[in-house]
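1. Sequence and predicted structure are below.
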Amino acid sequence: MKENVRNTGYRIIKQPNSIFRTPKSIVSTKKDPEFCPQCSGKLEQYHALIPVEKKMKADVPGLWCRKCDKLYVKDGSSIRKLLKDNSLAKGYTLDGEELWNYTNRKRKIKQKNKRKKKMNQIFKARLKKLSEIPSSEVMICVHFEDKSYSDYIIVSNTNDCISNEIIHYSSEMGRELISAAYAEQRESSGTINGKNFRVTQCIYPHPKYRQLSDYIIFTDLIIRPDGGYSSSCKNGQREMVHTLLYSLSTNRYEIIPSTFDKTTGECFVDIGLFRNYVNEYGRPNLSPNFEVREVYGPMDFDELNSESVLKCYGYSVSQAEGLSTGERQELLAEIVDLEILTVKKVVTLLDFFIQTHAAPKYIEARFKWESDKKYIQGYNVNPQRFLIARS
């Protein structure tokens, strides 16, 4: 084994690879401790061999903790010079820091901080732009396949659409952007004017309030009479709005008229408008929420709710309603195809109606229930009916 002294201040030795390993974790200290500060174990005189050239190593003496495998040394600055930007010393640390790629790492950190500063500046500029538009809801930032990018501001007032980048939420382009940004099924992707894009960021006018206005996207599809019609707006606390409901058939948010209650923040829709939506756009991603109505006879909550679904959906055998056999049975077919109720549940309810209306005056109603029961029992349920896109 040859040895000499270089300007490192340590002996430089030429040593072949050995099964004996010396510590790689070096800790600088101002004193000569007798015990390990970490585990309180007795320290021993030992050394570390730090590579400085191929097969050449600096012999660094110190106090070693056998249990922690750490070497305590006094001259931390000279060790730092040995390790700094020394790719051969990868895996060695001084006071817990790896220094073998110090300059490159610092450069990357500087570049990262520079990018972060630039992004903060861009974010502030975008936020300022949003704040200048009264009805702004969100800024949707997108990157196109051709590497270009655009920032679109979604607004709730058409009067604010004063440029190509300001889009009303109910417009075709607005719904495509909102679908890409908010629908899980779209996985942040969409197409505008034949160009594919990905949503990279959504920025809100008030960063602490990170959501759209309550009436823009349905989160709870409440079915209630007159919802979406002017007759539901009898006071200043309600207004008719265009709300977006995601269609599993078109794979996009589509418009459904609704009534927005400002006091509760709820939007509700009449069953007729819901059925129009289903027949035009297919099945939505939300199941309708029907309000439980008063019924005849003792029933548990599940049965009560199921009967309420039939009534809310418009099913009736009364002469006043005037539904034909075909209309009644089409309602029942929609209910089971949309998986709102099962065939078994519908049959159970029809049986209940028949059994609880045994009086002679209900003979015509019983006949209709029997006919509808026979129809739905033999109906081939088709959940895909409202999932196939219409051409």
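-> Yep, it's here. Numbering: from 1, shown residues only.
2. Pop out the phi and psi values for Ile140.
-> Ile140 adopts backbone torsions of phi -100, psi 110, taken as degrees, to the nearest 10.
3. hey, where'd the helices end up in this structure?
-> All helices of the chain, identified by DSSP state H, fall at 76-83, 102-131, 172-182, 271-281, 301-312, 325-337, 343-356, 363-377.
4. among the ones you listed, which is the most enclosed?
-> The highest average neighbour count among those, using mean count of other Cβ atoms under 10 Å, belongs to helix 172-182 at a mean of 21. From N, CA and C alone the C-beta is placed, and that goes for glycine too.
5. Who are the packing partners of that helix?
-> strand 136-144, strand 149-155, strand 166-168, strand 189-192, strand 195-203, strand 238-247, strand 252-261 (3 or more Cβ pairs under 8 Å, 6 or more residues apart in numbering; DSSP states H and E).
6. Show me how far that helix is from its chain's centre.
-> With Cα atoms, centre = their mean, to the nearest Å as the basis, helix 172-182 stands 15 Å off its chain's centre.
7. what sits up against that helix?
-> 138, 140, 142, 152, 154, 167-169, 186, 188-192, 197-199, 202, 212, 216-217, 244, 246, 251-255 (Cβ atoms under 8 Å, 6 or more residues apart in numbering).
8. Compile the helices and strands packed on helix 172-182 into CSV and extend it with columns for distance to Pro51 and mean neighbour count.
-> Rendered in CSV, the data for the helices and strands packed on helix 172-182 read as follows (distance: least, Cβ to Cβ, whole Å; neighbours: other Cβ atoms under 10 Å):
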stretch, distance to Pro51, mean neighbour count
strand 136-144, 45, 20
strand 149-155, 47, 20
strand 166-168, 61, 21
strand 189-192, 50, 16
strand 195-203, 44, 17
strand 238-247, 61, 20
strand 252-261, 61, 22
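9. export those to JSON lines and tack on distance to Ile178 and mean pLDDT?
-> Compiled in JSON lines, the helices and strands packed on helix 172-182 are given as follows (distance: least, Cβ to Cβ, whole Å; pLDDT from 0 to 100):
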{"stretch": "strand 136-144", "distance to Ile178": "8", "mean pLDDT": "97"}
{"stretch": "strand 149-155", "distance to Ile178": "7", "mean pLDDT": "97"}
{"stretch": "strand 166-168", "distance to Ile178": "9", "mean pLDDT": "97"}
{"stretch": "strand 189-192", "distance to Ile178": "9", "mean pLDDT": "96"}
{"stretch": "strand 195-203", "distance to Ile178": "10", "mean pLDDT": "96"}
{"stretch": "strand 238-247", "distance to Ile178": "7", "mean pLDDT": "96"}
{"stretch": "strand 252-261", "distance to Ile178": "6", "mean pLDDT": "96"}
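10. quick one, which of those strands is nearest to Leu82?
-> strand 195-203 (44.4 Å; Cβ to Cβ).
11. Please name the strands paired to that closest one in the sheet, noting orientation.
-> strand 136-144 (antiparallel), strand 189-192 (antiparallel) (DSSP bridges).
12. quick one, it and strand 149-155 angle?
-> Counting by axes from the mean of the first three to the mean of the last three Cα atoms, to 10 degrees, strand 195-203 lies at 60 degrees to strand 149-155.
13. Need the strands paired with strand 195-203 in JSON lines (columns: distance to Gly91).
-> Output for those, formatted as JSON lines (distance: least, Cβ to Cβ, whole Å):
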{"stretch": "strand 136-144", "distance to Gly91": "39"}
{"stretch": "strand 189-192", "distance to Gly91": "43"}
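14. For Cys36, find the nearest of those strands.
-> Per Cβ to Cβ, nearest to Cys36 of those: strand 136-144, 53.1 Å.
15. Pull the contacting residues for the most centrally placed residue in the chain.
-> The centroid of the chain falls nearest to Glu184 when counting by Cα atoms, centre = their mean (6.7 Å). Not one residue lies near Glu184 by Cβ under 8 Å, 6+ apart.
16. One more: Phe290?
-> Contacts of Phe290 by Cβ under 8 Å, 6+ apart are 223, 305, 308-309, 312-313.
17. Since that was my last question, I'll sign off now.
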